[in-house]
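[1] whatever this is, show me its structure:
(4 chains)
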Protein chains: 2
Amino acid sequence: MRWEELDREPCSLARTLSVVGDRWTLLVLRECFLRIRRFEEFEQRLGIARHVLADRLKKLTEAGVLEKTPYQERPRREEYRLTEKGLALYPALLALLDWGDKFMSGKEGPPLLRRHKTCGHVVHAVTTCSECGEALDARAMTAEPGPGAPAGFVLPQRPSNKAVDK
Amino acid sequence: MRWEELDREPCSLARTLSVVGDRWTLLVLRECFLRIRRFEEFEQRLGIARHVLADRLKKLTEAGVLEKTPYQERPRREEYRLTEKGLALYPALLALLDWGDKFMSGKEGPPLLRRHKTCGHVVHAVTTCSECGEALDARAMTAEPGPGAPAGFVLPQRPSNKAVDK
DNA sequence: CAGATTGGGTTCCAAAAAAGAACTTGTCAA
DNA sequence: TTGACAAGTTCTTTTTTGGAACCCAATCTG
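    Numbering: from 1, shown residues only, chains lettered A, B, ... in the order given. Next up, the predicted model:
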């Protein structure tokens, strides 16, 4: 499978990755959530090659995740801001961040903490069920074809092997 | 910045991406959550080049996200299974998936639905605050240096520009 | 018992993407 | 008239992928 075909896959993860799934895009978005908005700032903070940055900003803008708005005319200068669609990526970034805090921080602990303005506490994310409100975990979930599934779509069956299934 | 330096960045997102942030790894993990466990199955379902797959499985195993266990001797055959550390990535995958369901599904709707065994409903994830339980959104959060922050670490200040801030 | 098959890889070459540095463009200020 | 600034673009070199072929040990198959 080639990268440009990813957005046509019948899978919402693949489609999301067709927008944010390359080496740099999520780091660019991290900067956006820290309110970085200008080309030079992204470049300096990330140490990304300028043409790669230009390409990513263009693709994110075309995807409707960022929007380019002028902050001055003469000479015209533009900045990149998150749209609602971009802001909606926050839970995904937060989930990746929390995993890093938990599994990739050394004994020093996480480099950054996040405070919830609403309640005033330092917090992390808890992924809960939209229907019953309980915390979700992988073992309590099953997948099934949805309305957008292609005809004849079959989910893999749980393998009937005799593996060491302690 | 080169890719191998990513795991030393003082940022949990960068560190997480040093494990799952390349073109293929999250798709491999999607298969793992669908209980795909064998080399040939990954290859056939993903259409990934074999040596890239071998490399990704090795790296995920070294990172402690997957573990390689024999499912038969003579001839010895092994399969890859998610560890607890790997299962802990579920909220992140789910958040990316939900974003795709919401923004990347056409009018047909999402290709896959997820059912919560505990409550029996088709559900999506709601990211909530670990302290107050309210749903989290980007605008209600602020970042601050944590215990693992490098000395002299400064967060970017909100830019004091005169941008069109409707 | 020779030959094909299966699972899980490795090797090789060509194509695509990223790194790094230099060059461009429009505008203003000294 | 020269320099600086912001935001790119162009060029060359290195890394990563994609695609196909090959390897190998241990069964099946005839």
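[2] domain map for chain A?
    According to automatic domain parsing, chain A comprises the domains A:1-83, A:89-139.
[3] can you list these in a markdown table and add distance to DNA strand D?
    C-betas here are computed from N, CA, C, even on glycine. Listed next are the domains of chain A as a markdown table, based on distance: least, C-beta to the nearest atom of the strand, whole Å:
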| stretch | distance to DNA strand D |
| --- | --- |
| domain A:1-83 | 4 |
| domain A:89-139 | 18 |
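[4] relative to B:F103, which of those domains is closest?
    Of all the domains of chain A, it is domain A:1-83 that lies closest to B:F103, at 8.0 Å by C-beta to C-beta.
[5] A:Y90: neighbour count?
    23 (other C-beta atoms under 10 Å in any protein chain shown).
[6] DNA strand C versus that one, what's the distance?
    Using C-beta to the nearest atom of the strand, to the nearest Å, A:Y90 is found at 23 Å from DNA strand C.
[7] isn't that residue right up against B:A135?
    No: judged on C-beta atoms under 8 Å, A:Y90 makes no contact with B:A135 at a distance of 11.0 Å.
[8] with adjacent residues omitted, what lies nearest to A:L26?
    Counting by C-beta to C-beta, 6 or more residues apart in numbering or on different chains, A:L26 lies nearest to A:V20, which is 5.5 Å off, once chain neighbours are set aside.
[9] with A:T16 instead?
    By the measure of C-beta to C-beta, 6+ apart, the closest residue to A:T16 outside its immediate chain neighbours is B:G100, 3.8 Å from it.
[10] can you give me the buried ones in the helix or strand where the one you found lies?
    Element membership for B:G100, per DSSP states H and E: helix B:90-103. Residues of helix B:90-103 classed as buried: B:90-101, B:103 (neighbour count, 16 or more other C-beta atoms under 10 Å in any protein chain shown).
[11] and if you look at stretch A:136-149?
    Within stretch A:136-149, the residues that count as buried by 16+ other C-beta under 10 Å are A:136, A:138, A:141, A:143, A:145-146, A:148-149.
[12] DNA strand C contacts on chain A?
    Chain A has residues A:3-4, A:22-24, A:47-52, A:55, A:74-75 near DNA strand C, with proximity defined as C-beta under 7 Å from any atom of the strand.
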